[in-house]
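[1] Quick one, fold the following:
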Amino acid sequence: MRSLAILAVCVAAAALPMTAHAQATGQTTTQSDAKTMWEKFKGSWTTTKGAVKEQWGKLTDDDLLEIEGRRDQLVGKIQTRYGISHEEAEAQVSTWEQRRYRDM
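    Sure, this is the predicted structure:
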């Protein structure tokens, strides 16, 4: 439960202009970078959905087909499947994005 509270705080901080440091590259991720990142995820959705399924195992294959690389759909499906708030789901996706961005 404490980790969920921490995630909620992270979401509140994300309401400010999003700036996070990608430690592996020393670059800064901005909102425009996040959009570009999701365009890459969407373009390689077949590969990305495996990572999504690994992270959020409760998502079904039908969910992944419906999401089709759309971030807002992913957040909504996580919220529904895990019974968490929109803010918590948003925080989980943001954290996952940052890890994936560093690995790219």
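[2] Number of residues surrounding Gly57?
    Neighbours of Gly57 under the rule other C-beta atoms under 10 Å: 9. C-beta coordinates here come from the backbone N, C-alpha and C atoms, glycine included.
[3] what about it, which SS state?
    State at Gly57, reduced to three classes by DSSP: H, G, I helix; E, B strand; the rest coil: coil.
[4] Return, as residue ranges, the portions of this protein with sub-threshold pLDDT.
    Within the chain, the stretches with pLDDT under 70 are 1-31, 103-104.
[5] can you map out the strands along it?
    20-22, 27-29 (DSSP state E).
[6] just the CA coordinates of the helix of greatest length in the chain, formatted as PDB?
    What stands out as the longest helix in the chain, according to DSSP state H, is helix 86-103. Extracted C-alpha coordinates of helix 86-103, given in PDB (Å, rounded to 0.1, in the frame of the first residue of the first chain):
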ATOM      1  CA  HIS A  86      -6.700   6.500 -12.700                       C
ATOM      2  CA  GLU A  87      -3.800   8.400 -11.000                       C
ATOM      3  CA  GLU A  88      -2.300   5.100  -9.700                       C
ATOM      4  CA  ALA A  89      -2.500   3.600 -13.200                       C
ATOM      5  CA  GLU A  90      -1.000   6.700 -14.700                       C
ATOM      6  CA  ALA A  91       1.900   6.600 -12.200                       C
ATOM      7  CA  GLN A  92       2.500   2.900 -13.100                       C
ATOM      8  CA  VAL A  93       2.600   3.600 -16.800                       C
ATOM      9  CA  SER A  94       4.900   6.600 -16.300                       C
ATOM     10  CA  THR A  95       7.300   4.500 -14.300                       C
ATOM     11  CA  TRP A  96       7.200   1.800 -16.900                       C
ATOM     12  CA  GLU A  97       7.800   4.300 -19.700                       C
ATOM     13  CA  GLN A  98      10.900   5.700 -18.000                       C
ATOM     14  CA  ARG A  99      12.400   2.200 -17.600                       C
ATOM     15  CA  ARG A 100      11.600   1.300 -21.200                       C
ATOM     16  CA  TYR A 101      13.000   4.700 -22.400                       C
ATOM     17  CA  ARG A 102      16.300   4.000 -20.700                       C
ATOM     18  CA  ASP A 103      16.400   0.500 -22.300                       C
END
